[in-house]
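# One predicted model, sequence on top.
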Amino acid sequence: MISNRLLQESLEDFKEIVRLPMALYDRNCTCVAGAENMAPEKEVFQTFCNSSADMQALGNRYLFRVGDGESGYILSVSGDEKDTYPMGRLAVRQLERILEIGYSREDRNQFIHNLLLDNLMPVDIANYARQMHIGPECRWGVFLVEGKECEAFDIQNILKSVPEIRNTDFIASMEEDCVAVIRRLEDKDGEQYSHVFAEVLTNAVQRELKKRIRTSYGTLATSLREVSRSYKEARMALDVAEIFYADENVIAYEELGIGRLIYQLPIPLCEMFIKEVFGDYDPSTLDEEILTTVYQFMENDLNLSETSRQLFVHRNTLVYRLEKLQKTIGLDIRQFEDAMTFKIAMMVFDYMKYLREKRE
C-alpha cells in the first residue's frame with residue numbers, strides 16, 4: 001500500500017506552497033502525516049467519518065474526506081484566510097491522485113498475481129477497487145502472451161512500449177515465458193475487440209523478438225472478481241491450442257470447440273475410446289500420406305472431386321487411399337459418422353500423446 005512517508009512529504013509540499021497547517025488521519029483518528037496536534041475531538045471526528053458529507057467546517061478548521069471506505073483518510077486544514085477551503089479541496093484532489101497511482105510497483109504486481117491466481121478474499125478485491133476508483137460495472141479482458149524460447153522479462157518490456165497499451169492496463173509476468181495483460185474495457189470495445197487487440201500484442205512482440213508468439217484470451221470478466229476465471233480460461237486456451245490448433249497464433253477460449261471438451265476428459269475414458277475405435281492398432285503408425293489425404297478430405301466436406309483437385313491426384317487414387325484406411329482400422333471415411341469418429345479419435349490420441357510427453 002502507499003507509504004506514510006510519501007503522504008508526509010506531500011503534505012509538507014502543500015504546506016510550503018499554500019502556507020496552511022495540514023494533517024492527515026486514518027479512520028481511527030490516528031495521524032499518518034502532518035501535525036499531530038491538529039486532531040479534532042474524537043466525537044466530532046467519528047461523527048464526520050460516519051456521515052456522507054465530503055467536508056465539514058469547524059470554526060477556522062475544515063475536515064475533508066480523502067478516498068472512500070475504510071481505507072480512506074480525513075484531511076484537516078486550518079486557517080482564517082478565504083482561500084483555506086479551495087486550497088483544502090486542491091490538496092484533497094492531489095492526495096486522491098497519489099492514492100490512486102502511488103502504490104509501489106511491488107504492491108501492484110503482487111495484487112495482480114494474487115488476483116489472477118484467485119488468492120484474494122472478495123473484501124480485499126473490493127478495497128483495492130475503491131482505492132483505485134474502479135467501478136463495479138467495469139469489464140475486463142485477460143490476455144496471455146507466450147513466447148517459447150523467450151524470457152518473460154523481455155516480453156513484458158516490449159508490451160509496455162506498445163502504443164496501444166493504456167495507463168490503466170496491468171502487465172505482469174506469470175511464468176518464465178508468459179506475460180498477462182489485464183485491460184479495463186471501454187463501452188466502445190465490442191465483441192471483436194479482444195481478437196484485434198490480441199493480434200496487436202502478438203505482432204508487436206513477434207516483430208521485436210523474431211520468435212513465434214502466441215496470445216490467448218478468455219471470456220470477458222464483468223468485475224475484478226471474475227478476472228481469475230478469465231485468466232484460467234486463457235491459460236487453458238494456450239494448452240488446448242498447443243495440442244489441437246498448433247498453427248494458430250491468436251486463440252480465443254470461446255472458439256476452442258471440441259478440443260476444449262477433449263482436454264477436460266478423464267484419462268481412463270480417453271483410453272477406453274481409443275481402444276474402442278482402433279482396437280489393438282497403434283494410430284501413430286498411420287501413413288503420413290494417408291493422414292494428409294483424410295484431413296484434406298474432411299476439410300472439403302467429404303467432397304472427392306475437390307479433394308483430388310487440391311491434392312493433385314486422380315480421383316481413383318484418392319478412393320484407393322480411403323479404402324486402404326478402411327481396411328486398416330475399419331472406418332469408411334466417406335461416411336459422415338465414420339469420418340467424425342476418426343477425427344475425434346485422432347484428437348483424443350493427440351491429447352494422450354501430449355500428456356505422455358509432458359510427464360516425460
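Everything's here; your move. Numbers count the residues shown, from 1 in each chain.

# contacting residues for Gly72?
Each residue near Gly72 by Cβ atoms under 8 Å, 6 or more residues apart in numbering is listed here: 27, 65-66, 130. To be clear about C-beta, it is placed using only N, CA and C from the backbone, and glycine gets the same treatment.

# in stretch 6-18, what counts as buried?
By neighbour count with 16 or more other Cβ atoms under 10 Å, stretch 6-18 contains the buried residues 7, 10-11, 14-15, 18.

# Let me know the average pLDDT across it.
For stretch 6-18, mean pLDDT is 79.

# contacts for it?
By Cβ under 8 Å, 6+ apart, stretch 6-18 touches 20-24, 32-34, 83, 87, 90-91, 94-95, 98, 102.

# Cross those against strands and list the overlap.
Of those, the ones assigned to strands by DSSP state E are 22-24, 32-34.

# those helices in this protein, which residues are they?
4-18, 42-50, 84-101, 105-116, 122-131, 152-160, 193-209, 227-244, 258-263, 267-278, 288-299, 304-311, 315-329, 336-359 (DSSP state H).

# winner for burial among these?
helix 227-244 (a mean of 21; mean count of other Cβ atoms under 10 Å).

# So what's the model's average confidence on it?
For helix 227-244, mean pLDDT rounds to 94.

# Check the offset of it from the chain's centre.
Between the centre of helix 227-244 and the centre of its chain there are 10 Å (Cα atoms, centre = their mean, to the nearest Å).

# Show me what it packs onto, helices and strands only.
Counting contacts by 3 or more Cβ pairs under 8 Å, 6 or more residues apart in numbering; DSSP states H and E, helix 227-244 is packed against helix 105-116, strand 139-147, strand 178-185, strand 213-217, strand 250-252, helix 258-263, helix 336-359.

# Out of these, which is closest to Ser284?
helix 336-359 (7.6 Å; Cβ to Cβ).

# the inter-axis angle of that closest one versus helix 267-278?
Relative orientation of helix 336-359 versus helix 267-278 (axes from the mean of the first three to the mean of the last three Cα atoms, to 10 degrees): 130 degrees.

# now helix 336-359: how far from the chain's centre is it?
Taking Cα atoms, centre = their mean, one finds helix 336-359 lying 29 Å from the centre of the chain it belongs to.

# How about stretch 169-179?
How far stretch 169-179 lies from its chain's middle: 9 Å, per Cα atoms, centre = their mean.

# picking up where we left off before, show me which of the buried residues of stretch 6-18 is closest to Leu120.
Leu120 lies nearest to Leu7 out of those, by Cβ to Cβ, at 24.5 Å.
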